[in-house]
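Student: this one's structure only:
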């Protein structure tokens, strides 16, 4: 079941020209992705797979249905609400690619709180900068390296703006334990009447740019933002209803919601997450095959490592579509991947501030190194 007909005037297009001219999103008032997508699937197809998650240990691999994900989301929503988090509160998420990221973010959507995903590589001054500029009230973080210690230092440096700290890991003074709170929370969280939800223009997410040309800048997205990723998932990544899509990205970066959440679920695809600490191309290929991933998105650097493997030893017949973005694509990488897999890499361009803005769309034959043609709504 795809939800696209509920949000698009037209879902199928005969050509790029037809797509560019007639693509149109219909955003309902008070749209909330958690209520209008997650809960709809949980009501209508509770056994439909939402998320397939694994790591290198394979002792906690999970296949999570929409029914189960709603129950986890509701527990987290009750947990956070009990901690004093509500509409308009800013909550930083430093969760790497842990499976908890999905119910936590969906819970924030239900509460009308603002999610601020961040990378675990931040240090005290980076965290302080984000706390001060986004008025961060709470943080949920993995117990990784000295991350919790850096957050403690940032809390001290920002004069108590950060009030709530929740750790996904061991006990630590001043921190609440996620697992304990989760276990104590109810799996029932009644939806408010639609007019009492968020407005479409309320803030949903805040990202901070990488700051390569100065201090990082805040990027704000409202509650309509997930619908815009229909472009990204359905018409660039070409995810399929009932398929399994894998985007290589840490959940601290905007690319994660480009490829691990919004558009994929709207289009009826499940998302695959491989949570690794050290990238090894062979392990990625084995997990891609083991879980029968059908569409794949990665930066050119990942493809450069993949084509160095002896791909004749891997049965990649499950993979039907491959896309690339994030840095310039060398024609040699494009050609060698095509030679080894029979798949053309469909390149695109976008920014943290936007969704996909130019792409090689399914109706086009890509040219190596070309970012394709503009998305509907853009004149480039």
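Tutor: That came through, no problem. Bear in mind that the values here come from a model prediction, so they are computed numbers and not experimental data.

Student: Could you pull out the strands in the stretch 151-300 of the chain for me?
Tutor: 164-168, 176-177, 203-208, 218-222, 244-247, 270-275, 295-298 (DSSP state E, counting those that start in this stretch).

Student: Can you lay out those as TSV showing mean neighbour count, mean pLDDT and distance to residue 378?
Tutor: (Glycine included, C-beta is placed from N, CA and C.) Output for these, formatted as TSV (neighbours: other Cβ atoms under 10 Å; pLDDT from 0 to 100; distance: least, Cβ to Cβ, whole Å):
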stretch	mean neighbour count	mean pLDDT	distance to residue 378
strand 164-168	20	98	39
strand 176-177	16	98	44
strand 203-208	22	98	20
strand 218-222	15	98	17
strand 244-247	25	99	22
strand 270-275	23	98	26
strand 295-298	26	99	20
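
Student: Out of those strands, which gets nearest to residue 259?
Tutor: strand 244-247 (2.4 Å; Cβ to Cβ).

Student: Does anything pack onto the closest one? Which helices or strands?
Tutor: In terms of contacts (3 or more Cβ pairs under 8 Å, 6 or more residues apart in numbering; DSSP states H and E), strand 244-247 is packed against helix 255-259, strand 270-275, strand 295-298.

Student: what helices or strands is the second one leaning on?
Tutor: Think strand 270-275. By 3+ Cβ pairs under 8 Å, 6+ apart, strand 270-275 packs against strand 49-55, strand 244-247, helix 262-266, helix 281-290.

Student: rerun at 10 Å
Tutor: Packed against strand 270-275 by the contact rule (3 or more Cβ pairs under 10 Å, 6 or more residues apart in numbering; DSSP states H and E) you find strand 49-55, strand 62-65, helix 101-111, strand 244-247, helix 255-259, helix 262-266, helix 281-290.

Student: can you tell me which of these comes nearest to residue 376?
Tutor: helix 262-266 (14.3 Å).

Student: mind checking how far the closest one is from the chain centre?
Tutor: Taking the mean C-alpha point of helix 262-266 and that of its whole chain, the gap between them comes to 9 Å (Cα atoms, centre = their mean, to the nearest Å).

Student: repeat for stretch 54-63
Tutor: 19 Å.

Student: Also stretch 135-142?
Tutor: The chain centre lies 18 Å from the centre of stretch 135-142; the measure is Cα atoms, centre = their mean.

Student: Give me the buried stretch members for it, please.
Tutor: 136, 137, 138, 139, 140, 141, 142 (16 or more other Cβ atoms under 10 Å).

Student: same deal with stretch 25-42?
Tutor: Buried, per 16+ other Cβ under 10 Å, within stretch 25-42: 30, 31, 32, 33, 34, 35, 36, 37, 38, 39, 41, 42.

Student: what does stretch 58-78 give?
Tutor: Within stretch 58-78, the residues that count as buried by 16+ other Cβ under 10 Å are 64-66, 68-78.

Student: ok, now which ones touch the residue positioned nearest the centre of the chain?
Tutor: For the chain, the residue nearest the mean C-alpha position is residue 257 (2.4 Å; Cα atoms, centre = their mean). Applying Cβ atoms under 10 Å, 6 or more residues apart in numbering, one finds that residue 257 lies in contact with 105, 115, 117, 204-205, 207, 221, 225-226, 229, 232, 247, 249, 251, 263-264, 355.

Student: same deal with residue 239?
Tutor: 2, 232-233, 245, 247, 259, 263-271, 294-295, 297, 320-321, 323.

Student: Residue 325 too?
Tutor: By Cβ under 10 Å, 6+ apart, residue 325 lies in contact with 232, 236-237, 247, 255, 258-259, 297-300, 345-350, 356, 359, 371.

Student: Which PyMOL command selects the buried ones in the residues you listed?
Tutor: In PyMOL, a selection of the buried entries from the contacts of residue 325 looks like this (16+ other Cβ under 10 Å):
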select buried, resi 232+236+237+247+255+258+259+297+298+300+345+346+347+348+349+350+356+359+371
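
Student: Look up the closest residue to residue 32, ignoring the ones flanking it.
Tutor: residue 197 (5.2 Å; Cβ to Cβ, 6 or more residues apart in numbering).

Student: domain assignment for this structure?
Tutor: Using automatic domain parsing, the domain parsing of the chain gives 4-30+224-374, 68-222.

Student: Give me the distance between the residue nearest to residue 203 when sequence neighbours are not counted and residue 135.
Tutor: Leaving aside its sequence neighbours, residue 203 sits nearest to residue 114 (Cβ to Cβ, 6+ apart; 5.0 Å). Residue 114 sits 9 Å away from residue 135, going by Cβ to Cβ, to the nearest Å.

Student: what does residue 238 give?
Tutor: From residue 238 to residue 135 the distance is 39 Å (Cβ to Cβ).

Student: If anything else comes up later, I'll come back, but that's it for now.
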